[in-house]
Structures are given as C-alpha cells and as structure tokens.
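In: Turn this into a model:
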Amino acid sequence: MPGALPGAFVHPFVSRPTVKAITSRDNPLYKRLKALAGSSHQQRRSGQALLEGFHLASAWLDGGGQPECCVVADGALNHDEARAIIGRIDAQRVVTLPDALFGQLSNVVHGVGLLLLVDRPEVALPPRVDETCVVLDGVQDAGNVGSILRSAAAAGVRQVFCAPGTANAWSSKVLRSAMGAHFLLQVFENVDADALAGLLAVPAVITDSHGAQPLDECDLTGPLAWVFGNEGAGVSPFWREAAARRVTIPQPGGMESLNVAAAAAVCLFEQCRQRRRA
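Out: Numbering: from 1, shown residues only. Next up is the predicted model:
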C-alpha cells in the first residue's frame, strides 16, 4: 500500500479498513515506542507520554484530545471497551501489534493491550498562586508522586508544583498511580523554589514530627501551599525557612513517620473536613 509504514499492512479490523498492523520489531514507530516505554528520561526529553489502559485512554479522549497514535494488541481487538475507545480515534492514528510485541511496550502486569502516545500538555506558571496547592519538594518515588496527585485531585486541589529532583510526573508509573488525576490538575515540573515562593500569595505549610502543632488543632480553612518533601531527607532547607506553618500528624501507635503519600492524604482531607464545617 502506498505510504504504508515498513513492516505494516492494512488490518481487516471490523469496519475500519485503514487501521494498520505493525508486524516487525524493526518498524520505526515500534522502535520509538519501545525506547519511550523503557525510559522515563526519554519520555521527559520527548515531551510525550504513554497512557496505558482503558481508564487513562478514556480520560484523555474525554478532554477532547487526539493521540499521536493508539496502539492496540491483537488480543484486545475483541474487547468491547477497546473497540469503543478505538472508535473515538481517527482511524489513521490506530495501529495494531501482535501480543508479543505489545508485551515489550507494556509496563502493566496482565494489562489490557491498549495504549496512547500523546503530547504532554504545556502549562505556563501562573503569575500568582492564591489558592490551595501542592508542592512536591524532591519526592523521588513515582508511586508516591502518583498517589499524591490522586489525593490532590480528589481533595479539589487544582495546581501541583514539582521541584527539580521530583519523579517525572508523566512517567508510566506515576500515570498509573494517579488514575487520571493528571487530567483534573495543572502539573508544573522543574519549578525552582525561589521562583515559586515569589508567586505564592498563600502560606506555605510543611509537616514536621518535632515541635509542630497537631494537624487537627490548626486552622486549615484558608488557602495553603502544602509542601511535601523527599522520602528520606524530608523538606529541603529552603522550604523549612520559607514555611509559615509547621504541622504534625499525631501518631499514637508510636511510628516515627508516615509515608509521604499517606501524610499528604491526611493533610489534604483534614483541610477538606475543616472547610466543610466552617
């Protein structure tokens, strides 16, 4: 077929005759997808992300965007939900892969066999931050970053600022952990602390297990910038100096500290609780 990709042929998929099938691992698109799937650094450099699974794909399409391409494993073609998603995408953007080739792209055990390659949204820093937000100050674990994004979105937070050293917010693991939260948030990456502090019109708050006021005894009804630090080192010296408030989460069981994602959820939903009662 004129213009067909190397190693590709027209796939006889239902009534979508223009859907193409990649059959060779030497196909240029497949090579690019594999490089992206295997490296968060490559994803960050490319400005693109891989959205794997029905939930993330549907959330992206609900926002009105089209992917660069939709990649479907042959084994997923008979799945009703996969067919519904494919039906929402321009046919020329859809390619299929044998299950074995798709498996080399997947980061999900027992995945559903569908992913989208998309351009990450470009967002400019706001001129002023005057509502509750979250600052991730070197949170390195992708699962923690995703969980915090999910809690932030659920709590009604709209802006998350990621300092250098924080895990790639659009990596596959963060996307899976966040469960679509990215599409409810503005996520700013590699934000310099000095620059962000100059934009904040709300008090910065950190958690501190020593000498801080118990969380449930603090007035959290106003807008705040919640700063959550690195899993090992905690909040950086800059934010310790800049913080207007320090809070502690009571832990009667005797543990020294909480996982940062758990601590973030406790703080954000305590603020929600207080606001409901205010």
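
In: Pull the CA coordinates from the lengthiest helix in the chain and hand them back as PDB.
Out: Scanning the chain for the longest helix, with DSSP state H as the assignment, gives helix 260-277. Output in PDB follows, covering the C-alpha atoms of helix 260-277 (Å, rounded to 0.1, in the frame of the first residue of the first chain):
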ATOM      1  CA  VAL A 260       4.800  10.900  52.300                       C
ATOM      2  CA  ALA A 261       1.800  10.000  50.100                       C
ATOM      3  CA  ALA A 262      -0.100   8.900  53.200                       C
ATOM      4  CA  ALA A 263       0.800  12.100  55.000                       C
ATOM      5  CA  ALA A 264      -0.300  14.200  52.100                       C
ATOM      6  CA  ALA A 265      -3.700  12.500  52.000                       C
ATOM      7  CA  VAL A 266      -4.200  13.000  55.700                       C
ATOM      8  CA  CYS A 267      -3.300  16.700  55.500                       C
ATOM      9  CA  LEU A 268      -5.400  17.500  52.400                       C
ATOM     10  CA  PHE A 269      -8.500  15.700  53.700                       C
ATOM     11  CA  GLU A 270      -8.200  17.300  57.100                       C
ATOM     12  CA  GLN A 271      -8.300  20.600  55.300                       C
ATOM     13  CA  CYS A 272     -11.400  19.400  53.400                       C
ATOM     14  CA  ARG A 273     -13.000  18.300  56.700                       C
ATOM     15  CA  GLN A 274     -12.400  21.700  58.300                       C
ATOM     16  CA  ARG A 275     -13.700  23.600  55.300                       C
ATOM     17  CA  ARG A 276     -16.900  21.600  55.300                       C
ATOM     18  CA  ARG A 277     -17.600  22.500  58.900                       C
END
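
In: Mind giving me the packing neighbours of that helix?
Out: Packing partners of helix 260-277 (3 or more C-beta pairs under 8 Å, 6 or more residues apart in numbering; DSSP states H and E): helix 142-154, strand 204-207, strand 225-229. All C-beta spots, glycine's among them, are computed from the backbone N, C-alpha and C.

In: How far away from the center of its chain is that helix?
Out: 20 Å (C-alpha atoms, centre = their mean, to the nearest Å).

In: start the count at 13, not 1, going forward
Out: With the count now opening at 13, the last piece we talked about shows up as helix 272-289.

In: Next, the buried residues of it.
Out: 272-273, 275-280, 282-284, 286 (16 or more other C-beta atoms under 10 Å).

In: what mean pLDDT does it have?
Out: The pLDDT scores in helix 272-289 average 97.

In: Provide the contact partners of that helix at residue level.
Out: 144, 146, 151, 155-156, 159-160, 163-164, 167-169, 217, 219, 227-228, 231-233, 236, 238, 240-243, 259, 261, 269-270 (C-beta atoms under 8 Å, 6 or more residues apart in numbering).
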